[in-house]
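[1] 3D model of this:
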Amino acid sequence: MIKLGAAYINLLRNKYKHGQLYLAAYNMGPGNLRRALSKKIRPKDYTVAVMKRYFDIYKKI
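    Model (predicted):
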């Protein structure tokens with residue numbers, strides 16, 4: 001199951017090219033992300049928190 005999730009994130013990363021957008025697409029779903037972006041809403045708050053936590057965790061390794 002982890003391999004499937006990693007493959008899906010990789011697909012989204014290649015599609016959106018930006019960390020905040022591909023993480024938002026993974027968590028919100030690509031359709032919801034598209035609708036948010038069409039309304040000029042950038043789903044950044046959640047993804048900024050996710051990326052901060054990611055970097056905090058991997059700095060310790």
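
[2] residue closest to the middle of the protein?
    Leu23 (0.4 Å; CA atoms, centre = their mean).

[3] pull out the buried residues from whatever helix or strand that residue lives in.
    Assigned by DSSP states H and E, Leu23 belongs to helix 19-28. For helix 19-28, burial by neighbour count (16 or more other CB atoms under 10 Å) applies to Gln20, Leu21, Tyr22, Leu23, Ala24, Ala25, Tyr26, Met28. C-beta coordinates here come from the backbone N, C-alpha and C atoms, glycine included.

[4] and that helix, how far out from the chain middle?
    From the chain centre to the centre of helix 19-28 is a distance of 2 Å (CA atoms, centre = their mean, to the nearest Å).

[5] restrict it to CA atoms and write it as PDB.
    The C-alpha trace of helix 19-28 is given here as PDB (Å, rounded to 0.1, in the frame of the first residue of the first chain):
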ATOM      1  CA  GLY A  19       5.400  20.900  -3.500                       C
ATOM      2  CA  GLN A  20       2.400  22.800  -2.200                       C
ATOM      3  CA  LEU A  21       0.200  21.900  -5.100                       C
ATOM      4  CA  TYR A  22       1.000  18.200  -5.400                       C
ATOM      5  CA  LEU A  23       0.600  17.700  -1.600                       C
ATOM      6  CA  ALA A  24      -2.700  19.600  -1.800                       C
ATOM      7  CA  ALA A  25      -3.800  17.400  -4.700                       C
ATOM      8  CA  TYR A  26      -2.900  14.300  -2.700                       C
ATOM      9  CA  ASN A  27      -4.800  15.400   0.400                       C
ATOM     10  CA  MET A  28      -7.700  17.200  -1.300                       C
END
